[in-house]
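Visitor: The sequence isn't on hand, but the structure is:
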């Protein structure tokens, strides 16, 4: 399923295989135990690249996310998403501008990402 060979991809593959071998009644406990190893706080990404689907099919989503993570220096968030950040991260949030989508206008805040 995953073509990548990186550490996180191998870890995910191993956890999926372990889950497959785990009896159904024990899977919820396994999922809770593995959650910290699998997930970190991230944002939902909306992209407008013309070849996103083709590249993701060819290279995988993990490759796209790695490249995206290296290239991005800031994130634009809705105010409610910004307010959900922890206190140290919230200090790096500043008002940005109003983004319009058709008839909708959404205020966004800017979060400078650390490199």
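Guide: Happy to help now that I have it. Model, not experiment: these values are computed from the prediction.
Visitor: can we go C-alpha only for contacts and neighbour counts from here?
Guide: Fine.
Visitor: what's the burial count for residue 17?
Guide: Neighbourhood size, residue 17 [other C-alpha atoms under 10 Å]: 11.
Visitor: so which helix or strand takes in it?
Guide: helix 7-21 (DSSP states H and E).
Visitor: just for the chain, where's the confidence low?
Guide: Scanning the chain for pLDDT under 70 picks out the ranges 1-4, 40-50, 62-72, 114-115.
Visitor: For it, just list every one of the strands.
Guide: For the chain, applying DSSP state E gives strands covering 74-77, 93-101, 104-112.
Visitor: for the closest residue to residue 108 other than its chain neighbours, what are its contacts?
Guide: Counting by C-alpha to C-alpha, 6 or more residues apart in numbering, residue 108 lies nearest to residue 78, which is 4.6 Å off, once chain neighbours are set aside. Neighbouring residues of residue 78 by C-alpha atoms under 8 Å, 6 or more residues apart in numbering: 106, 107, 108, 109.
Visitor: how near is the last one to residue 81?
Guide: In this case it means residue 109. 9 Å (C-alpha to C-alpha, to the nearest Å).
Visitor: With neighbour numbers in mind, choose between those two.
Guide: Between residue 109 and residue 81, counted using other C-alpha under 10 Å, residue 109 has the larger neighbour count: 21 against 12.
Visitor: pretty sure that one contacts residue 80?
Guide: No: distance between residue 109 and residue 80: 9.5 Å, which falls outside the contact criterion (C-alpha atoms under 8 Å).
Visitor: Just give the number of residues close to residue 77.
Guide: 20.
Visitor: Thanks a lot, catch you later.
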